[in-house]
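Student: need coordinates for the following:
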Amino acid sequence: MRRIRRPSPSMVVACLALGVALSGSAVAASVALAPNSVGTVQLKSNAVTTAKVKNGSLLRADFRAGQVPAGPAGPAGPAGPAGAAGAAGPAGPSDAFARFLNGPIAIPAANTTLANLTIPQAGKYVIWAKTYVTATATGVATCKLVAGGDSDTSLTFANTGNITFTLSTLVVHEFAAAGSADFQCAATGTLQANFIKIAAIRVANLTNSG
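Tutor: Modelled structure (predicted):
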């Protein structure tokens with residue numbers, strides 16, 4: 001009869017350890033994780049890789065500021081509405097034009113242009129004209145400064161004896177294009193116009209109140 005040898009104590013301990021290890025792995029593999037039971041503490045560093053992230057599942061808010069680079073600039077949008085007009089700026093430099101005729105120029109009985117001043121450009125103008133009148137026979141001189149549809153009239157009595165009488169006129173006018181200012185006179189008696197001057201200054205703003 002063959003005798004069966006009893007296992008040694010060390011063999012028994014080794015077999016028990018192996019059985020416990022194998023049964024522990026099987027139990028761990030079969031235990032399901034509870035919902036929301038895994039957090040940052042349970043995750044190891046670098047444990048979540050791109051293969052574990054669902055494509056298109058992350059939002060811009062999931063990234064720290066400055067981590068997501070800006071995309072290319074989009075096309076320009078339509079122009080917005082025009083803003084309100086700004087305040088008017090300071091007036092620019094003015095232009096002045098003048099003419100002088102020494103005389104004497106005989107003043108005819110019918111109204112006649114004795115002198116005129118060319119206005120070379122459009123704009124708003126303040127215009128003056130003056131003369132002094134002498135007489136070899138007593139009479140009355142009537143003179144008018146005309147610029148477009150605007151005019152100013154002045155008159156004076158003149159008599160002999162080398163006594164002079166001054167006439168002056170002033171008119172404001174806005175020229176839409178180049179034009180002229182005309183100094184016109186008529187007289188009774190024998191009168192002469194002397195030292196005729198016409199001057200015009202272009203201004204930025206002009207108010208002609210009645």
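Student: quick test: name the residue nearest the centre of this structure.
Tutor: The centre of the chain sits closest to Gly86, judged by CA atoms, centre = their mean, with a distance of 6.8 Å.
Student: from Gly80, how far off is that one?
Tutor: 16 Å (CB to CB, to the nearest Å). (Glycine included, C-beta is placed from N, CA and C.)
Student: where along the chain do the strands fall?
Tutor: In the chain, the strands defined using DSSP state E lie at 95-101, 105-106, 112-119, 123-137, 139-147, 150-158, 165-175, 179-187, 190-203.
Student: the last one vs strand 112-119, what angle?
Tutor: Taking axes from the mean of the first three to the mean of the last three CA atoms, to 10 degrees, one finds strand 190-203 and strand 112-119 inclined to each other by 20 degrees.
Student: now do Gly19, the pLDDT please.
Tutor: In this model, Gly19 is scored at 62, pLDDT.
Student: cool, and Gln42?
Tutor: 66.
Student: low-confidence ranges in the chain?
Tutor: 1-34, 36-37, 39-43, 47, 51, 56, 62, 88-93, 162, 210 (pLDDT under 70).
Student: now with 80?
Tutor: Residues of the chain meeting the criterion pLDDT under 80: 1-71, 86-94, 159-164, 206, 208-210.
Student: burial count for Ser209?
Tutor: Per other CB atoms under 10 Å, the neighbour tally for Ser209 reads 3.
Student: quick check: it vs Arg202, distance?
Tutor: 20 Å.
Student: cool, and Asn159?
Tutor: For Asn159, the distance to Arg202 - CB to CB - is 39 Å.
Student: between those two, point out the one with more neighbours.
Tutor: Set side by side, Asn159 and Arg202 show more neighbours around Arg202, with 21 against 14, by other CB under 10 Å.
Student: the more buried one touches Ile127, doesn't it?
Tutor: No. Applying CB atoms under 8 Å as the test, Arg202 and Ile127 come out as separate, 10.1 Å apart.
Student: quick one: Val126 from Ala82, how far?
Tutor: For Val126 relative to Ala82 (CB to CB), the value is 34 Å.
Student: between the two, who's got more neighbours?
Tutor: Between Val126 and Ala82, counting by other CB under 10 Å, Val126 is the more crowded of the two (18 against 6).
Student: mind listing the residues bridging to the more buried one?
Tutor: Val172, Ile201 (DSSP bridges).
Student: who's in contact with it?
Tutor: Contacts for Val126 (CB atoms under 8 Å, 6 or more residues apart in numbering) come out as Leu170, Val172, Ala200, Ile201, Val203, Leu206.
Student: Leu114 now?
Tutor: Leu101, Ile105, Ile107, Thr131, Cys143, Phe183, Gln184, Cys185, Ala193, Ile196.
Student: let's go with 6 Å and repeat that
Tutor: Ile105, Phe183, Cys185, Ala193 (CB atoms under 6 Å, 6 or more residues apart in numbering).
Student: right, I'll leave it there.
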